[in-house]
Each structure stands twice: as C-alpha cells, then as structure tokens.
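Colleague: generate a structure from the sequence data that follows.
(one chain, ligands or ions: 1)
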Amino acid sequence: MPPEEFRRAAAETARWIADYLENSGRYPVLPPISPGALTAQLPTAAPTQGESIDAILADFDRLILPALTHWNHPRFFAYFSVSASAPGVLAEMLTAALNVNGMLWKSSPAVTELEQVTLGWLRDALEFPQTWFGIIYDTASISTMHAIAAARERADPNVRNHGNSGRLILYTSAHSHSSVEKAALTLGLGQRHVRLIPVDEKFRMRTDALADAVATDLSQGLQPFCVVATTGTTSTSSIDPVPEISRIARQHDLWLHVDAAYGGPAAIVPELRPLFNGIELADSVVVNPHKWLFTPIDCSVLYTAHPGVLRRAFSLSAEYLKTAEDTEAVNFMDYGIQLGRRFRSLKLWFVLRYFGRDRLAEMIRTHVRWADQLASLIEANPDFEVCAPHPFSLVCFRHKSSDETNRALLDKINASGHAFLSHTVLNGKFVLRLAIGNIHTTWNDILSTWERIQSLC
Ligand SMILES: Cc1ncc(COP(=O)(O)O)c(C=O)c1O
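Modeller: The predicted structure follows:
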C-alpha cells in the first residue's frame, strides 16, 4: 500500500474509531441475526485480484458491524463488562504497526523491559508483594493453566520427563471458572483428579470440605498438589476465604493459585483492598486488565512468587534461540508454552499512565457504588430478589416467580437491543446477572435498563 494511501485510510479509520467510541450506544448491543447470517453474505473464496481499501471499509460498515455484539456498548452488562478505552486503542494501533515479537529480550528489548516495569507498577498499585514476578499472557485461562503447570512442576519434578504420575489432585470450588478444569484437561491431569469443593450460602469455597477432601485423598495414597481459590467468581463475584485456604495449602504443601481475573483490579481501590487480605500468601495470582482495568482484549497478568519453578516447567531452548544476553536478561519465552509474544504491555502502560492510579480507582469505586445502588432498587421492588452478595460490580437477581418468567425476561431485554445481560443458576434457580464495568456506562444506563426490565414483566 503506498504511504499516501495508508495515511488517508488511517486518518479515516481513526475518525471512524473516534465516532464509534463516542456513539457506541447507538447500535443494538446484540445483533438481531441468526447463526450463518453473515456467512451467507460473504464470498466463499478470497478475491483473486486485490480490492480497494475503500471497498473493504465499506463492507466492514455494511456487513461486519451489524453482525457484532457491541462489547463497547454502555449497556453491555453480560458476562463481565469490559472496555476498549481510548488510550488502550491507541496503543493497540501502535502495536499492530510495530509488529514486534517479544519472545526473547533480544528479539525486541523494549517488549521485555516495558512488560517488567509495567507489571511492577500494577503489582504495587494492587499492593501485591514486591518480590512477585509478572508475565502477560493472552487470557486468564492460559494464565491459570501456566500456574497449575508450575504447581505440578513443584510437586513432581519428574513430570517433565515421565509425564503425569496419575496421583496428582487439584482442588477448586464448585463455583470456580471452567478454565481451572480445562487446565486439568490440557495438562493431562484428568478431570477425575479435580475436586470441586462445595460452597457455603455465600457461594464461597467451604474450607471444612476442602480439608476433608485433602485428608481423604491422602488416606488413599493420592498426592494433593494445588488449590485454586477465586476472588470474584464468575457466577456471583463471591470471594473464597483465601487466608483459611492458604493455611490448608501450607499444611499440605499445596500450591495456592488465586483467580482474581475479574476482581483483581478492585485491589487498586484502598477501601476495597481488605477484600484481598491473604492474597499475599498465594503462590500465584491471575488478574485480567482486559476485564476491569480498561485495557482492550487481550491482556491477562500472572504474578508468581516462584518464577524459577514456572521457568523450570517451561524452559526448553533451541540452539537458534540462544543469545549472548541469556544470563542477564529475562527471555519470556522461558516462562510459557508460546514462543512468539505480542507487545501487550504497551496498552497497559498507556492505560496506567493516561488515567493514573487515582482515576482508575475512582472509576472502579463508582462501578461498585452503582452495583450497590442497583441492588437497593431491586430489593425495594417486592416482585424481585437479589440472589447473592455483591462485593464488586456484579448484581445477581431474579423475579420471584418461575424460572420461565426469568428466562423470558432475559430474552425480552436482550431482544430489545437496549441492553445485554447474561444469566446463571444459583441453588437450582435461574438468575439474571448484570455486570457493570464498561468505561462508557453511566448511572442512567443502569437505571433505564432496570426500568425496562420491570416494564417487561
Ligand atoms: C473468574 C474468572 N476467571 C477466569 C476467566 C476466564 O477469562 P479469560 O477469558 O481471560 O480466559 C473468567 C472469565 O470471565 C472469570 O470470570
């Protein structure tokens, strides 16, 4: 592409992005289409001859945009609400242009060093131990898989050579994210070696049940090696009792991994930091800036107190990757399964610098306050009930009637294009989840959605 053509198209794209971010609320949150609708409109083969960038951009507007679910929409309240904040978007543009690969320090020194510096800033902002080592992966699922691989390495150093012993047992709560079990599948631990510990009435891991499960496994000659606790579970945002779990972990030499993928960013808010008490006792923690720290997808951070163990689990250098700096510099390829790595720290660096710790804390504090206000409104309506504590920015609630009514309510609000909520099942009942977290969301967005939900009953 000639530079002049690039300049023109880039300026037009930047204008498009600015308009989109300013007006993301004007699109239906969910596209009113059925599976296959976009595919049917696209050619079955790539063009033989190249096409103009104008034609491609026009089709992006005409075909792709109407088939998107708009995660940037201020009334996107499903799953966990995320944000492509403008500074993060700008950094992504630069990352794409640079196209550097941070597999080794040498393959692009700034990728390695900015990642170390930025993750040090984030670690300190979240008040995690200063000795912790951080690394960016794409998603929390991958971060957790690496943490469990490190736990396995510590428990059974023969695993590199011999593979799994078939005796290693992993513990997590029945409410933890499916990525924990997926990690067990991927690492060949086997689903039957994952113990899903029951939860209490606040959806927190029951430590008495954890202790019993470990004792039973030990009595059967099995080898408990890792427990995954969650600070902000997916269904309800419940917080497992990390200090007690860590006591059991220490007693039995279990690696404690804390999944704070969603909740973690809230540790930046001083008055919410007590929710994370005990996290300093963990062997590893995952936090996703791409969930609630206004950083575009994807960016997940794994911190660990034992980088040497993580490195032992994964380092395997080929001759063609050896460099003269190997003894003085970190080569992130040694700390994970992937060789090539995107320059993900750039967007986190932009976000942390542009907003600063105080403003990030203020945005998260506001989301938590809005969740509180919404819960009060729901509780004030005798037809509805709040179904779980809401320590962060997620509110779980339901109409007090049947599951069918709640299912229909969810379908109606989502079909309206006004807002997008998701659901879960708690104590056998169908429950609506409204997750606040998008940078564009205002209190009016939440209020208008709540009003609409009531009117749809
Ligand atoms: C608590 C928790 N952990 C892990 C994940 C997985 O995150 P990712 O999509 O980054 O793999 C999620 C996703 O919502 C989550 O809520």
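Colleague: any idea how far residue 36 lies from residue 71?
Modeller: 22 Å (Cβ to Cβ, to the nearest Å). Any C-beta I mention is one placed from the backbone N, CA and C, and that applies to glycine too.
Colleague: hey, C-alpha coordinates of the helix-or-strand element of the chain with minimal mean pLDDT in CSV?
Modeller: Lowest on mean pLDDT, DSSP states H and E among the helices and strands of the chain sits helix 159-162, with a mean of 93. What follows is helix 159-162, C-alpha atoms only, in CSV (Å, rounded to 0.1, in the frame of the first residue of the first chain):
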residue,chain,number,x,y,z
VAL,A,159,6.8,-34.8,35.3
ARG,A,160,8.9,-33.1,32.6
ASN,A,161,10.4,-36.4,31.8
HIS,A,162,7.9,-39.1,32.7
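Colleague: pick out whichever of residue 36 and residue 71 has more residues nearby.
Modeller: residue 71 (18 against 8; other Cβ atoms under 10 Å).
Colleague: per-residue pLDDT, that one?
Modeller: On pLDDT, residue 71 comes in at 96.
Colleague: which SSE is residue 169 in?
Modeller: Assigned by DSSP states H and E, residue 169 belongs to strand 168-173.
Colleague: tell me the helix or strand right after that strand.
Modeller: Next helix or strand after strand 168-173 toward the C-terminus (DSSP H and E): helix 178-186.
Colleague: next secondary structure after that following helix?
Modeller: Using DSSP H and E, the helix or strand that follows helix 178-186 towards the C-terminus is strand 194-197.
Colleague: now do whatever helix or strand comes next after that next one: distance to the chain's middle.
Modeller: The helix or strand immediately downstream of strand 194-197 is helix 207-219, counting by DSSP H and E. Put simply, helix 207-219 sits 29 Å off its chain's centre (Cα atoms, centre = their mean, to the nearest Å).
Colleague: contacts for helix 207-219?
Modeller: Surrounding helix 207-219, the residues in contact under the criterion Cβ atoms under 8 Å, 6 or more residues apart in numbering are 169, 171, 195, 197-198, 223-224, 227, 241, 244-245, 248, 252, 254.
Colleague: can I get the buried part of these as one ChimeraX selection?
Modeller: Paste this into ChimeraX to select the buried members of the contacts of helix 207-219, with burial taken from 16 or more other Cβ atoms under 10 Å:
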select :169,171,195,197,223,224,227,241,244,245,248,252,254
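Colleague: kindly reformat the contacts of helix 207-219 as JSON lines containing distance to residue 445 and pLDDT.
Modeller: Listed next are the contacts of helix 207-219 as JSON lines, based on distance: Cβ to Cβ, whole Å; pLDDT from 0 to 100:
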{"residue": "169", "distance to residue 445": "45", "pLDDT": "98"}
{"residue": "171", "distance to residue 445": "39", "pLDDT": "98"}
{"residue": "195", "distance to residue 445": "41", "pLDDT": "98"}
{"residue": "197", "distance to residue 445": "37", "pLDDT": "98"}
{"residue": "198", "distance to residue 445": "36", "pLDDT": "98"}
{"residue": "223", "distance to residue 445": "50", "pLDDT": "98"}
{"residue": "224", "distance to residue 445": "46", "pLDDT": "98"}
{"residue": "227", "distance to residue 445": "38", "pLDDT": "98"}
{"residue": "241", "distance to residue 445": "34", "pLDDT": "98"}
{"residue": "244", "distance to residue 445": "38", "pLDDT": "98"}
{"residue": "245", "distance to residue 445": "36", "pLDDT": "98"}
{"residue": "248", "distance to residue 445": "42", "pLDDT": "98"}
{"residue": "252", "distance to residue 445": "47", "pLDDT": "98"}
{"residue": "254", "distance to residue 445": "43", "pLDDT": "98"}
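Colleague: please identify which pair of the contacts of helix 207-219 lies farthest apart.
Modeller: 223 and 241 (23.9 Å; Cβ to Cβ).
Colleague: identify the residue spatially nearest to residue 331, adjacent ones excluded.
Modeller: In this structure, residue 331 finds its nearest non-sequential neighbour in residue 104, 4.6 Å apart by Cβ to Cβ, 6 or more residues apart in numbering.
Colleague: that neighbour belongs to a strand, doesn't it?
Modeller: No: Residue 104 is assigned coil when assessed by DSSP: H, G, I helix; E, B strand; the rest coil, not a strand.
Colleague: give me the number of residues near it?
Modeller: Around residue 104 there are 24 residues (other Cβ under 10 Å).
Colleague: list the residues that contact it.
Modeller: Counting by Cβ under 8 Å, 6+ apart, residue 104 touches 112, 321, 323, 331-333.
Colleague: between the residues you listed, which is nearest the ligand?
Modeller: The ligand has its nearest neighbour among the contacts of residue 104 in residue 332, at 18.3 Å by Cβ to the nearest ligand atom.
Colleague: contact partners for that closest one?
Modeller: Neighbouring residues of residue 332 by Cβ under 8 Å, 6+ apart: 102-104, 112, 115, 135, 341.
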